[in-house]
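*Asks:* build the 3D model from these lines:
(chains A and B)
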Amino acid sequence: MAKRDTIEIKPLARVEGNGGIRVEIEDNRIINVEVQILEGPRLFETLVIGKTPEEILSLVPRICAICNLSHKYASLRGLEKALDVRIPEVTDLYRHLMHHGEIIESHSLHLYMLALPDFFGYTNAVEMAVDYGEIVTKALQMKALGNKIMRAIGGRMIHGENPVLGGFGKLPDRECLLSIQTEAKDGLAFALETIEILADLEIPDHMERDTQFLCCKPPHNEYGYYGDVLITSDGKEHPAEDYQSVIEERVVSHSFAKRSSYGGRPFTVGALARVNLLGERLKGEARKAYDGLIHDRWLRNPLYNNFAQAIEQVYSLEGVIETIDRLTTLKEPETAEPNRESGVGTGAVEAPRGTLIHHYMIENGRAVAADYVTPTAMFLDDVEEFIRESGERLISTKTTVDLELQFEMIARAYDPCISCSAHLVTVEYK
Amino acid sequence: MPEYKPRVGIYGFTGCAGDQLLIIHTEDRLLDFFNAVEMRSFVMASSNPLETEIDIAFVEGSISTEEERQHIKEIRDRAGVLVAIGNCAVSGGPQAMFAKDGSFARRLKQVYGDIKFITNPVEGAPLDEVVSVDYYLPGCPISQSQAMALIARLIHGADPEEFPHPVCHECKLNENLCLLLDQKFCLGPLTLGGCHSACPNNGLPCVGCWGPNPDGNFEEQLGLLESFGIPHEDIIRRVRNFGGYKILAHIEKLSGKR
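*Replies:* Numbers count the residues shown, from 1 in each chain, chains lettered A, B, ... in the order given. Below is the predicted model of the structure:
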C-alpha cells in the first residue's frame, strides 16, 4: 500500500488576499503541489469595456489596494500611448516619486510585517514588537512615509484619483515635498540598518533550483520600475506590446488566477528579478547594499526576494531624495491632452511584486478591449516548483522541520497579491 | 479580575483588501487596537487564526464564490456583531456594476472558457444578500477616523454612530468651489461622505466610489446632469460603476416614475 499524505495550508496567512497551498505526498514523493487562489473572479477586463479613460482610471486601482498606484500608472501608460498623450518630463518625475512611495509602502509592509516574523519565530509583527520593538516602530514609520508619498501624489492613501490622463488634479506644494524629503533622509539610516540585519540571517537552501527572471527594462542606463521593453534572464529583450507571445498563459481549476510560463518554463518577477537583472545599474548606498549582499544563491533561492526588497527600499529612498531635489527646481507641469480618440496601447510598469501590464484598445473614446497581466499570476507556477523542490528534498532527508512553515515562507517570499492575480484574463470584443 | 477584551475577527472576501490594509495602515494605533481586543483571526496580518465564537466580525469584500457564501454564513453563526466594511461588502463593489443584468455567466465564460473550478464562482454580491449585517462602514477604502470611531464604540459595547451625509457636506466644509457649477460630472450629492471630499479637494469630480447615500435626490441630480448635455445612459452607466446593489433601488424608483 502506498502511503499517502496531504498537507493543506488554508488560509495562507500574511499575504494579500485569499489563497492556500495543497501538497500531496505518496511514498515519500511529492506527487502534486497546488497554490490555490480562492478569491473569487471580479472580471475587471469586462468591467472597463465601453468605459471612458477617466472611468477606467478610477476603476483599475480597485484591482488591488497595496499596488493601487502601480495599476493606475500602468493604465496611464497604456491609455496615453493609445490616445497619443505626450506628457512633459516633469509629469513623469512626479509619477516616479509616486511610484517610489508605493514601493516603500509595499516593501516595508511585506518585509517587516509579513515576512520577517517567520525568520524571527513569531506569528505576526505585533508579537514580534514585544522583543523587537524598535524594528517594528521604525518599520511602521517607514510604511507611513510610503503612505504619505502616495497620499501627496495620489490624492489619498489608497485609491487616490489625483493622477489623471496627461497629468494630475493637484500637485503637492514645496513644503510638503521638502517634508517628505526630510523623512526619506531619516528613513535611509533604518533602511541601511535593515541591510545589516538581513546580512546576519541564515537562509535555508532546501528549495534551491534554477529558474528564470523577467522585468521591465528602463529606457535609460539606470535602475528603475518601468519600461517599454521586457528583459529576460536568457539575455533576450522583447517589446512590451508583444507580451502575449512572451508570457504564455493557461487556465487551471485550482486557481482563479491564470498561469504563466516563459519558453515553457516557470519564471520569477519582482524585486529579486529586478535586482538580478538590473542590479549592476544601482548607484549610491543602494549599490553598496547590493555589492554587500549579492550572491550566486540569489539566482536559485526565492527567499532572497526579501533581501532584494530591502535593497530596493534603499534605492527608492534615495530616489525620493533625488527626485524631490529636481522637482523643487522645476515648474509644475500642464496637463497634456489626447491627440486622438482611438488607438491601441500597452503600458508596462514594475509593481512592487513584479511586472504589471495593462493593454487597451480604445475606439472613439471608449474601451473596446482590455487585458491585464499581473505579477502574481506570472510567478505562481514558479512558487509551486520551489515548494515541490523543497518538499522532495526535506522529505528525503527525514527532516524534523515544520514543512508547512517552510512552504509558507517560500510562497510568502514572493509577496503574492491574490486580489490582483484573480483577474488575469483576456477579453476581446469583436 | 482580568479585564474582558472583546474577541475580534477580521475577514476578507473578494475585493482589493484595501479596507483591511487601511486598518494595518493605522500604524501606531494598530498596536493599540491589537492590545485592546483579543484578536482571534486577522489572516492578512497574522498566522494561526482561531476560528471560534467571536464578539465582533469585521468583514471586507463581496461574496463571489459558492465557498465564500458558505464561509460568510459560518462566520455569521459565531459572531455576535457583524460589520460590513468597505464598498464591496456594503454594496458589492465594482464587480457588482452589472448586478442582476444576467451577463455574469457570459462574461465568466469569455474570460476563463469552460473550465470547472474547485469552487463555483457567483456574481459579486454584498454581504447582506447572504447574511444579516448589523452595521455598515462604507468606503473605498474606509476612512481611518470613521473606522477607529466605530471600532472604539463597538469594543466598549456602544452603538456606532451613522454618518448619513453626502460628499457635498464635507466638500462645502472644505470650501471647495462646486464642480457642478462648471457643469462637471460630479456625483458628490448622491454619494456617501466620510472621505473628506478627497477628489473635489484636488479639483476632480466625485466618482461615487463610496456608493449611494440613501437620502440622495437621484432624480434631481439626474435631471441636472442631463441639462449639461450628458446622455441618460452615460449617467446610469457611471452611477453603476461603484453603486453595486445599493444604486439599483434608486434606479428602479426612477423607472417607476418615468
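
*Asks:* how many other residues sit next to the residue lying closest to residue A:38 once chain neighbours are set aside?
*Replies:* Distance criterion C-beta to C-beta, 6 or more residues apart in numbering or on different chains; nearest residue to residue A:38, sequence neighbours excluded, is residue A:18 at 5.0 Å. For every residue, glycine as well, the C-beta is placed using N, CA and C. Counted by other C-beta atoms under 10 Å in any protein chain shown, the residues lying close to residue A:18 total 30.

*Asks:* so what's residue A:18 scoring on pLDDT?
*Replies:* The per-residue pLDDT reported for residue A:18 equals 76.

*Asks:* my read: it touches residue B:12, true?
*Replies:* Yes. Using C-beta atoms under 8 Å, residue A:18 makes contact with residue B:12 at a distance of 6.4 Å.

*Asks:* mind telling me which residue of the stretch 101-250 of chain B is nearest chain A?
*Replies:* In the stretch 101-250 of chain B, the residue that lies nearest chain A is residue B:202 (3.5 Å; C-beta to the nearest C-beta).

*Asks:* around that residue, how many other residues sit close by?
*Replies:* Counted with other C-beta under 10 Å, the neighbours of residue B:202 add up to 19.

*Asks:* one more: the one 3 residues further on?
*Replies:* By other C-beta under 10 Å, the residues close to residue B:205 number 19.

*Asks:* for residue A:55, same thing?
*Replies:* 20.

*Asks:* is it true that it lies in a helix?
*Replies:* Yes. With DSSP: H, G, I helix; E, B strand; the rest coil as the criterion, residue A:55 is located in a helix.

*Asks:* for residue A:243, see how far away it is.
*Replies:* Residue A:55 is 24 Å from residue A:243, where distance means C-beta to C-beta, to the nearest Å.

*Asks:* just to revisit the earlier point, need the contact list for the residue of the stretch 101-250 of chain B closest to chain A.
*Replies:* A:155, A:161, A:162, A:168, A:169, A:170 (C-beta atoms under 8 Å, 6 or more residues apart in numbering or on different chains).

*Asks:* next: residue A:23.
*Replies:* By C-beta under 8 Å, 6+ apart, the contact set of residue A:23 is A:6, A:7, A:30, A:32, A:33, A:34, A:387, A:391, A:403, A:407.

*Asks:* one more time with 6 Å, if that's ok
*Replies:* The contact partners of residue A:23, by C-beta atoms under 6 Å, 6 or more residues apart in numbering or on different chains, come to A:7, A:33, A:391.

*Asks:* and if you look at residue A:48?
*Replies:* Residues near residue A:48 by C-beta under 6 Å, 6+ apart: A:56, A:59, A:367, A:370.

*Asks:* next one: residue B:222, what pLDDT does it get?
*Replies:* You'll see residue B:222 listed with a pLDDT of 95.

*Asks:* checking it next. Helix, strand or coil?
*Replies:* For residue B:222, the assignment made with three-state DSSP gives helix.

*Asks:* what about it, how many residues nearby?
*Replies:* Around residue B:222 there are 20 residues (other C-beta under 10 Å).

*Asks:* now it: closest residue in space, sequence neighbours ignored.
*Replies:* residue B:235 (5.9 Å).

*Asks:* any stretches of the chain with poor pLDDT?
*Replies:* All of this refers to chain A. A:1-2, A:419-430 (pLDDT under 70).

*Asks:* wait, chain B
*Replies:* B:1-2, B:256-258.
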